[in-house]
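need a structure here:
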Amino acid sequence: MKEVGERLRTLREGVKLSQAKIAAMIESSQVSINRYESGAGSPPLKTLLWYADYFDVSMDYIFGRTDNPQGKQYDYQPENLKEKMADKQEWEQFVEMCFDPNSPMSSRLKEALMQMVGDKR
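All right, here's what the predicted structure looks like:
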């Protein structure tokens, strides 16, 4: 929890707020904030979520899983899907099955999806 405390302190100091001010904002005490920042106590999930929302950072960043405040970006694609996307005809058949042919928006949605996928290949 030392890493979490250091991140919380860095975020707070970055906007020049005192521990007392942060405590008032989250309806806590200055002593609690000090304990969290020093690693002597573990902040509750509600407090961690407040920090993430207030400072617009990810929980990955707060927990030290990444140095990127926006968090980790996962680009997971199962191998089967990658193979299917490589074959344009199969991909078009898949997209066709996903839409209701009676919907007036289907053709526009399919076209937009195909364009988006086309840009990523």
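
test my guess that residue 23 contacts residue 33.
Yes - counting by C-beta atoms under 8 Å, residue 23 does reach residue 33; the two are 4.9 Å apart. From N, CA and C alone the C-beta is placed, and that goes for glycine too.

who's more crowded, those two?
residue 33 (27 against 17; other C-beta atoms under 10 Å).

ok, that one to residue 69 distance?
Look at residue 33 and residue 69: by C-beta to C-beta, to the nearest Å, they are 20 Å apart.

got it, and residue 6?
For residue 6, the distance to residue 69 - C-beta to C-beta - is 14 Å.

most distant residue from the middle of the chain?
residue 102 (36.1 Å; C-alpha atoms, centre = their mean).

so it, which of the three states?
When classified by DSSP: H, G, I helix; E, B strand; the rest coil, residue 102 comes out as coil.

quick one: contacts for it?
If a contact means C-beta atoms under 8 Å, 6 or more residues apart in numbering, then residue 102 has no contacts.

domain ranges for this protein?
Taking automatic domain parsing as the criterion, the chain consists of the domains 2-62, 79-120.

pick out the shakiest of those domains, pLDDT-wise.
Across the domains of the chain, domain 79-120 has the smallest mean pLDDT, namely a mean of 67.

by contact count, what packs against whichever strand or helix holds residue 53?
Applying DSSP states H and E as the criterion places residue 53 in helix 45-55. Contacting helix 45-55 under the criterion 3 or more C-beta pairs under 8 Å, 6 or more residues apart in numbering; DSSP states H and E are the following elements: helix 2-14, helix 59-62.
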